[in-house]
Structure formats: structure tokens, C-alpha cells
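# quick one, what's the 3D model for this:
(one chain, ligands or ions: 1)
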Amino acid sequence: KDVNLIRNICIIAHIDHGKTTLVDRILELTKSVDPRQMHEQFLDQMDIERERGITIKAQPVKILYQYKEKEYEINIIDTPGHVDFSYEVSRSMAACEGAILLVDASQGVEAQTVAHTYLAIENDLDLVAAVNKIDLPNANVDETCNEIIDLIGIDSSDILKVSAKTGQGVENILNAIIEKVKPPKGDVKKPLKALIFDAKYDKYRGVIVYVRIFDGSVKKGDEILVMSTGDKYEVIETGIFTPLMKPTEELGPGEVGYIIAGIKEVGHAKVGDTITNAAFPSDSPLPGYKEIKPMVYASMFSGLPEYYEELKKSLEKLKLNDWALFFEPTHSPALGFGFRCGFLGLLHMDIVRERLEREYEIAVILTAPNVEYKILLSNGNEMFVNDPAKFPDEDEIQKIYEPFVKLSIITPSDYVGDIFTNLQNERRANLLHTENAGKNRVIMYFKVPLAEIITDFFDRLKAISHGYASMDYEFLGYEESDVVKISILINKEPVDALSTIVHKSKAYIVAKKLVDKLSELIPRHQFEIPIQAKAYGRIIARADIKALRKDVLAKCYGGDVTRKMKLLEKQKEGKKKLREIGQVSIPQEAFLAVLRID
Ligand code: GTP
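Next up is the predicted model:
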């Protein structure tokens, strides 16, 4: 196969800027999918993705395109747009020679787009810039072009104007890909070098590994070697994405396709790893592979002990699909047996919870998320702790370090002041610098503890900026920090699942808010219940729940019957969700109280 007739590209676009729609139009235009099979958003396969309208897993597609009497093969790798999945984006880029930079004309360039564009430039990708949604009445095409020019410094005549919805201008994108993106290089005689840029678990066939071949070739019957683990497997099938999987004889240099080789878990063929031939191995893997670590941790409980095994099995099954999910058994005196889980970010956490509920029909209690702290103990040893319940005693601690990130925010200039105030005053952030990002828009860079932005920051940012600001962040490193653990006692008993780590400057405020919130959320009982917050070896805040006096139903006498019925129904629901702690019933949402104090 002639590599000069191959183009491998990915699409850089912010969530909702129209990437999936653009791919749909390209599939139609090139008649790559049978119209009967064509449904909107062909590439978003998971139910949750379709419902939420966001792409989580990268799904590639190969199309054939006639240009100046030659037939070209274009592989498009559809990348996820959310910051939680940035690593997958960077690996998708490593599999390509070019990228379409797609920007919604009604929204302009967003923070993640900036971050991903710079990543593409670092990866030496050729860029095809396009402004999308020009059909919209509120499209601001000229302004958006200027923002793109600011970003990558190209000529305005090189920016394509398209509507992925109507199809206008889409053909120009395909032509530009052929003309501007360099063809792949590669030597079929060299040992196999294949980059894993994604993997999917299939119930019947095991792991399906998505690869880009750099050198050599691979076919059925070959013995392959996964370079980071040294594991060997026999290839059962190779193929391409049309976008449905279609077996082929072999995969050669420059090509994008899949390998099935009896691999049992996605974790055994991780994104970014290199596959080579076991008999004729390459001496070095492709650059850039990194083990990724979870950034956000939370505990997960099934609520009732009889569901523990089920939760465990469901998590194990999920893990087959989701290599970034981490979990290990944990125990909480208050909530029983459960799992300590690690996630890439809050969206990832949300998706895991939702998939458990939807695909495995198991409801879970998730504790408030937190980051991983590094602790220098008095005895000179170092340890990492991601569970507040496992924090060592205060007198055993010499120093605590917490993770910091570089946060970038793009916002209309009007909101710069409020964003700055929120971050600087309430979240221990430091402004690094600001830059202009088009007319009346600014990009702000902050250094901030990750812990300060993992809970409610994204929502706050959207509220402050009326939805206009966008953000992205990257990990910087660990730094010493003055944080303290707040423990919560309900009816004098410690409830470890409610404990939280906060910075010293906020300890008293958070403690007070927490006990107040809990006293609202926990229903009255026959007796008075004290709720206390403890830190620095003493109680620092307290609220009491008065003993119960009236029957809830009393209110309904004389009222209409349906309302009473509804209330009863609701109570039944409520009871299901209550946890008994000692003699106190605590509703599930109380465990999320730590999340929602503001
Ligand atoms: P993620 O998968 O979450 O990254 O989003 P996406 O970039 O794939 O966006 P998607 O294609 O799902 O489009 C988001 C919304 O914008 C959908 O409602 C589309 O119908 C709409 N849309 C996409 N392109 C256009 C366009 O050119 N014009 C108009 N008017 N709407 C568009």
C-alpha cells in the first residue's frame, strides 16, 4: 500500500462544537456508511454518550476519498473533548500527522481547545482550521477567525468556514486534509511498532486494541509483544474501522486499525503503549507512554451488605472496559464494606456511578471526592494518603504536601474580576499571568491546589461567567501545605465517611457549615442528636437536632388524599436510602453534604 495515499487526522474541538456532527457529514459525503445504518452521531456508541451528547471514548473511522483522480484513505480519530480524558487526546494525536481545529462560531475558542492545539503543535501535527456552525444566526465568524489567528498565527484565508449541520464547506475540509496534512512515514521491513491509542472490551472476543502502525506489519497468527509489560499474545484477527469493524489480511505502515489477540483486560493493553512482534522485536517503544494516575478519589458503598459482592463484580466488569478506573476494598464502621476508588476527574467519577446504575442496576453511595496527599511522618517516612479516614494522627505528621495544577481559563473580559476574586480569595490560587484571546476575551493562568477545583469550581465558574468561561488544567507537582482533617461525630460516634481534609484557613468555616448542613439533612429522631466537628484534637463546631415531636402525616389531615399518598411513597423511598449509624438514621444525601457546602 502506498503511504502517500494515507492521511491520519484527529479533530480538536471543544465539547458541543460539532465534532461528531462533522464526522457524520463526512461519512455521508463519502458514502462510507450504508444510509440504512446511518443514524445521527454514528461515532458516539455508548448510551450515556448519546444521551449526554458528549464523546467519552475515541472511536476511529476510515473513509475513502477521491481527490484529483486518486483515491485516498483518510483515518479520522474522534477524540474526547473533556479535560478528564486529556491523556487519551494526547495519545490520539500521537497516532496522527494532522488535526482539524474546529471552533463553534457562536462560542469562540475555548480553554481546552487552546491546550489541545498547543499539544498538537508540540506533536508536529499539520493543522486544518475551520469555523463551524456558520449557519447559526448568532454566528460570529469574523471574531472567531481572529481568535484562531491569535492562537496559531495563520492567514485568515486559510481558515475554512463550514456548517457541519447543513454540510456547507465540508468538502473543503477533506480537500485541505489531502493538501495540507503530510502522509505518514514508515518502513514495512523494520520490526513492528504499533501505538495503542485506545482499547475496548468485548464480551465475546476479549480486548480489541486500537492501533496505529508506525513500522512493520501485523497479521493473523503473528505473536505480538506488549512492550511495557512484556506479555505475549497470538493475533486472532486484524482489521479496520469502516466505522464498523472489518477484518483485513494485515495492517501495514501508516494504517489505523484494530488487533484482537486474546487479551483479557483493557489494563493489559494500555493507551500509549507500544506493540511489537515477539519474534522480531523493536528495540525501543514509541515515545511518550506514561502510566496515568487517578487524580480524584472517593469511597463507594452499596448501602446494604447483601449487595457488596454484586458491587464488586460490577466494578470488576467495568474495569475491563475502563482502564483508568482504580479500586480496592475498604471498610468504614459507618457504611460497612465498600471500595476506595480512583478517577481521572469528576466527570469520570460521574460516568462510573451512572454506568453502575444503568448497566449493572446497582445504586451506590459515593463519599465526597478528594485528592491524594503526600505526608512526611515524624519518623521520617513518606506515605501517600487518598482517604481522609486513613489520615495519620496529627502528632505523627511532620509535613503534608498536596497536588497543585496549572489552571487556564478563557473568559470574556467582563468576568475577569469576579473569577480572580473567587480563585484568589476562596481557593488559595495565585494568578500566574494573563493574555488576550481575541477581542474582549482573556486567558488567565493560575496556580491552584487541585483540591480547590475538584468539587464545585466548574459550576461556580459557569455561574460567574453566565456560561461563557471555559477551563482546562494540567498537573504541576506536590507542594507543602497547611491542611487539617475534620472528623464528624454524630451522636458522639465518629462517622469516618464524613470526614474531610481542608486548608487551615477554612477549617472553622467548613466545620460550621458541615454540622449545620448535616443537622438539616438528618431527620429528627425520638431523641436529641448532637453533631460535632473535630480538628486539632478538639471539637471546633457543633449543631443539635432537636427531638421529634410531631408526626409528619399530621399535617395532611383534612388535606387531599393524593398528597398524603405521595408523601407516604416518598417516605418509603427515603427509608430505603437511610443508613443506621448507631441509633441514628442518616439519609444518603448527608454523605454528599461535604460536596455541597458553599
Ligand atoms: P462532544 O462529542 O461532546 O465532544 O461534542 P461534539 O463536538 O461532537 O458536538 P456534536 O457534534 O454533538 O454537536 C453539538 C450540537 O451542535 C448538536 O446539537 C449539533 O446538532 C449542533 N451542531 C453541530 N454542528 C452544527 C452546525 O454547523 N450548525 C448548527 N446550527 N448546529 C450544529
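# could you pick out the longest strand of this protein?
Longest strand in the chain, counting residues (DSSP state E): strand 397-412.
# partners of it in the sheet?
Sheet pairing for strand 397-412, assigned by DSSP bridges, gives strand 373-377 (antiparallel), strand 441-449 (antiparallel), strand 470-480 (antiparallel).
# and it, C-alpha only, in CSV?
Output of strand 397-412 as CSV, limited to C-alpha atoms (Å, rounded to 0.1, in the frame of the first residue of the first chain):
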residue,chain,number,x,y,z
ILE,A,397,2.7,14.1,60.9
GLN,A,398,5.7,16.3,60.1
LYS,A,399,4.6,17.8,56.8
ILE,A,400,1.8,17.5,54.4
TYR,A,401,2.1,18.1,50.6
GLU,A,402,-0.8,18.5,48.2
PRO,A,403,-1.1,18.4,44.4
PHE,A,404,-1.1,21.7,42.5
VAL,A,405,-2.3,22.3,39.0
LYS,A,406,-1.9,25.0,36.4
LEU,A,407,-5.4,26.2,35.6
SER,A,408,-6.2,28.0,32.4
ILE,A,409,-9.5,29.9,32.0
ILE,A,410,-10.7,31.7,28.9
THR,A,411,-13.4,34.3,29.7
PRO,A,412,-15.0,37.4,28.3
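# list the buried residues in that strand.
Buried residues in strand 397-412, defined by neighbour count with 16 or more other C-beta atoms under 10 Å: 397, 400-405, 407-412. All C-beta spots, glycine's among them, are computed from the backbone N, C-alpha and C.
# where does residue 75 fall, phi/psi-wise?
Per-residue torsions, residue 75: phi -100, psi 120 (degrees, to the nearest 10).
# show me what contacts the closest residue in space to it that isn't next to it in sequence?
Spatial nearest neighbour of residue 75, excluding adjacent residues (C-beta to C-beta, 6 or more residues apart in numbering): residue 256 at 3.9 Å. Residues in contact with residue 256 (C-beta atoms under 8 Å, 6 or more residues apart in numbering) are 8, 60, 62, 75, 77, 95, 210, 211, 212, 213, 240, 241.
# host element of the closest residue to the ligand within the stretch 251-400 of the chain?
Going by C-beta to the nearest ligand atom, the ligand is nearest to residue 347 of the stretch 251-400 of the chain, at 10.9 Å. Applying DSSP states H and E as the criterion places residue 347 in helix 346-359.
# for that helix, output the C-alpha coordinates as PDB.
Extracted in PDB, the C-alpha atoms of helix 346-359 (Å, rounded to 0.1, in the frame of the first residue of the first chain):
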ATOM      1  CA  LEU A 346     -15.200  14.400  38.500                       C
ATOM      2  CA  LEU A 347     -16.800  13.600  35.100                       C
ATOM      3  CA  HIS A 348     -15.100  10.200  35.100                       C
ATOM      4  CA  MET A 349     -16.500   9.600  38.600                       C
ATOM      5  CA  ASP A 350     -19.900  10.600  37.500                       C
ATOM      6  CA  ILE A 351     -19.800   8.300  34.500                       C
ATOM      7  CA  VAL A 352     -18.700   5.400  36.600                       C
ATOM      8  CA  ARG A 353     -21.500   5.900  39.000                       C
ATOM      9  CA  GLU A 354     -24.000   6.300  36.200                       C
ATOM     10  CA  ARG A 355     -22.800   3.200  34.400                       C
ATOM     11  CA  LEU A 356     -23.100   1.200  37.600                       C
ATOM     12  CA  GLU A 357     -26.700   2.300  38.000                       C
ATOM     13  CA  ARG A 358     -27.600   1.900  34.400                       C
ATOM     14  CA  GLU A 359     -25.700  -1.100  33.100                       C
END
